[in-house]
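Visitor: Could you work out the structure for the sequence below:
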Amino acid sequence: MVALDVERIPVRMDRAGLNPVADLMLFARYRSLLKRLMPVAYLGYTIKPNVYGSLAAASLGIPALPNVSGLGTAFIRGGILQSIVTRLYRVGFARAPLVFFQNNEDRSLFVERSIVRPDQARVLPGSGVDLDRFKPAPLDEGPPVFLLVARLLRDKGVLEFVEAARILRSNLPGARFQLLGPIDEGNRTAISRSELDSWTKEGVVEYLGVTDDVRPFIAAASAIVLPSYREGLPRALVEGAAMARPLIAADAPGSRDIVEDGVNGYLCRVRDTGSLAETVKRMADLPFDQRLAMGEAARRRVQERFSEELVVRGYLDVIAGLEARRAA
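Guide: You can find the predicted model right below:
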């Protein structure tokens, strides 16, 4: 942050809690901070910064530009939590001049439910990836290594991945199945430490822990796997594609924006262990030159549609327009 000449100001919040008093205090913290800074615009992402940060900004006449980076557990599981979150979004986004979405399906859902207006909603291609930092890496010709990079949550398809690895042990004896990411104990769908320990003890998967740099792990993998039930635009797949790795994902919102079935990877059915196992086997059985071609196609797709440059330009153009209106 210092190298970028950016001031970092921590804002305390209970990201998974539903306590209205705690959320009111979060709104007050946002408002106090924004009143001191009076920025040209407020940029938010994830639900509580989007809702309470946008409300605080609107109360001060500061334009809010929230980014709905994914709909998460509330919209996957449904029920009363989805109703609560829907109302929060509707109130939080009411005065935002623009709301970014990372795929068309999320945008359409919010428009259909009157959470945002059609003219207010715009699709931005994810968070973008630095194509100079995430460069193609040589693909090893040895036994396949399938890597899932994600927070260890049920909604990310972790259980399906582990069970598919268990199914394929006899058919692909040399294959390795790896998990990379944190145990997110604050999430309602978190994988427990005991579950993870039992899998590694059984030898069905390898747990690689957490890292600040995923590139060495992607470089060592044959394919990147994400059987998630729903995404905004999954960074793991974008980064894997940028490094010329073929992809395997569930045919779900967000993931299917990146994976072109049969071109840069394969799609399997959502929440379907058997379909995932068949798809992984299909990838493992591909001749090496075809896997290589898929990885090259994945890199090209990211260059054309998901580069960091495109995302940054999208933000800068909107902010420039806000500044121009304010000056006028």
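
Visitor: Just the residues contacting the helix or strand harbouring A249, thanks.
Guide: Applying DSSP states H and E as the criterion places A249 in strand 247-250. Outside strand 247-250, the residues that touch it by CB atoms under 8 Å, 6 or more residues apart in numbering are 146, 157, 223-229, 234, 237, 240-241, 255-256, 258-259, 264-272, 276, 279-280, 283, 294, 298. Heads up, the C-betas are built off the backbone N, CA and C, glycines and all.

Visitor: Quick check: next helix or strand after that strand?
Guide: Per DSSP H and E, strand 247-250 leads on to helix 255-258 as the next helix or strand towards the C-terminus.

Visitor: Please compute how far that next one lies from its chain's middle.
Guide: 11 Å (CA atoms, centre = their mean, to the nearest Å).

Visitor: how about the nearest residue to F27, chain neighbours excluded?
Guide: Y52 (4.5 Å; CB to CB, 6 or more residues apart in numbering).

Visitor: For the one you found, grab the count of nearby residues.
Guide: 24 (other CB atoms under 10 Å).

Visitor: how much space is there between it and T200?
Guide: The spacing between Y52 and T200, counted by CB to CB, to the nearest Å, is 39 Å.

Visitor: so where do the helices sit in this protein?
Guide: According to DSSP state H, the chain carries its helices in the segments 20-37, 47-48, 54-59, 72-77, 80-93, 104-112, 158-168, 193-202, 215-219, 235-242, 255-258, 273-285, 288-305, 308-327.

Visitor: Between those, which one is closest to Q120.
Guide: Of all these, helix 80-93 sits nearest to Q120, with 7.4 Å by CB to CB.

Visitor: Which strands and helices lie in contact with the closest one?
Guide: Judged by 3 or more CB pairs under 8 Å, 6 or more residues apart in numbering; DSSP states H and E, the packing partners of helix 80-93 are helix 47-48, helix 54-59, strand 64-68, helix 72-77.

Visitor: between that helix and strand 64-68, how big is the angle?
Guide: Per axes from the mean of the first three to the mean of the last three CA atoms, to 10 degrees, the angle that helix 80-93 makes with strand 64-68 is 150 degrees.

Visitor: in helix 80-93, what counts as buried?
Guide: The neighbour-count check on helix 80-93 (16 or more other CB atoms under 10 Å) flags 85-86, 88-89, 92-93 as buried.

Visitor: And these, which is closest to L196?
Guide: L196 has its nearest neighbour among these in V85, at 28.1 Å by CB to CB.

Visitor: least trustworthy helix or strand in the protein by mean pLDDT?
Guide: For the chain, using mean pLDDT, DSSP states H and E, the weakest element among its helices and strands is helix 72-77, scoring a mean of 67.

Visitor: residues in contact with V158?
Guide: Per CB under 8 Å, 6+ apart, neighbours of V158: 148, 150, 152, 179, 191.

Visitor: Same list (those) but as CSV, adding pLDDT.
Guide: Below are the contacts of V158 laid out as CSV (pLDDT from 0 to 100):
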residue, pLDDT
L148, 98
A150, 96
L152, 96
L179, 98
I191, 95
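
Visitor: in the protein, what spans have low per-residue confidence?
Guide: Along the chain, segments meeting pLDDT under 70 span 1-3, 16-17, 73-74, 76-78.

Visitor: Domain-wise, how is it divided?
Guide: 20-128+308-327, 145-305 (automatic domain parsing).

Visitor: Check the offset of the last one from the chain's centre.
Guide: With CA atoms, centre = their mean as the basis, the distance from the averaged C-alpha position of domain 145-305 to the chain average is 13 Å.

Visitor: What about D184, how many residues nearby?
Guide: Using other CB under 10 Å, D184 is surrounded by 16 other residues.

Visitor: got it, and the one 10 residues further on?
Guide: Using other CB under 10 Å, S194 is surrounded by 8 other residues.

Visitor: Ok, the one 4 residues further on next?
Guide: For S198, the tally of surrounding residues (other CB under 10 Å) stands at 12.

Visitor: Pull the contacting residues for it.
Guide: Contacts of S198 (CB under 8 Å, 6+ apart): none.

Visitor: go with 10 Å
Guide: 162, 192, 204 (CB atoms under 10 Å, 6 or more residues apart in numbering).
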